[in-house]
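S.K.: What would the 3D arrangement of this be:
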Amino acid sequence: MMEEKTIEREVIYEGKVFDVEKHVVTLPNGNTSVRELVYHNGAVAIIAFDEQGDLIVVEQYRKAFESLSIEIPAGKLEKGEDPLDCAGRELKEETGYVAKELRHVFDFYGAPGFCSERVHIYEAIDLTAGDRQLDEDEFLENKTLKLEEALELVADGTIVDAKTIMAIQHWQIRTLK
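M.R.: Alright, predicted model coming up:
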């Protein structure tokens, strides 16, 4: 069987957004190894289109790589929170839009080798515009992108966010059908 069994576990860090643990594991061949793991409650991201059919994105500064980032609306799940509820909340907070329906598209793990963060992707259907309700520590601008523009921003390395690249690829594939 291709499983690893934890034989020792040490909490390294407990934070507001994630926790870090060190595990000593027994490998399938009987040897042991060390795994440094990040535990995260997960996140949601929303593929949303305006009345013209353009993708709604946000531009915000990302401290982790010291640059502006163009991304689809997204946010962290609170412990025990339903991803669907979180998606509706984050869409409203970041864009002002409320969706009549949120349709689950897919989930993914961005770094499964060491991180438990599962990102749930939803598509917002039948939007109604409203006022944004940003968190007090959120500073972002809303923008819209046509498919060709979005693809060019991926190709030239302007858009580097994985969930946004996947959303744009999903949009491109859907338009080919």
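S.K.: could you measure residue 18 against residue 80, distance?
M.R.: Residue 18 sits 16 Å away from residue 80, going by CB to CB, to the nearest Å. C-beta: built from backbone N, CA, C; applies to glycine.
S.K.: Please apply the same query to residue 175.
M.R.: Residue 175 sits 37 Å away from residue 80, taking CB to CB as the criterion.
S.K.: Show me where this structure has its helices.
M.R.: 83-95, 147-155, 162-176 (DSSP state H).
S.K.: pLDDT of stretch 44-63, averaged?
M.R.: The pLDDT scores in stretch 44-63 average 97.
S.K.: For that stretch, list every residue counted as buried.
M.R.: 44, 45, 46, 47, 48, 49, 54, 55, 56, 57, 58 (16 or more other CB atoms under 10 Å).
S.K.: so how far is that stretch from its chain's centroid?
M.R.: Distance, stretch centre to chain centre, for stretch 44-63: 12 Å (CA atoms, centre = their mean, to the nearest Å).
S.K.: quick one on the thing from earlier: so residue 18 and residue 80 - more neighbours on which side?
M.R.: Taking neighbours as other CB atoms under 10 Å, residue 18 and residue 80 compare with residue 18 leading, 16 against 6.
S.K.: Please name the residues that touch that one.
M.R.: Taking CB atoms under 8 Å, 6 or more residues apart in numbering, we find residue 18 in contact with 38, 39, 40, 115, 117.
S.K.: Buried ones among those?
M.R.: Using 16+ other CB under 10 Å as the burial test, the contacts of residue 18 include 38, 40, 117 as buried.
S.K.: Narrow those to those in strands?
M.R.: 38, 40 (DSSP state E).
S.K.: residue furthest from the geometric center of this protein?
M.R.: Within the chain, the residue lying farthest from the chain centre (CA atoms, centre = their mean) is residue 30, at 35.9 Å.
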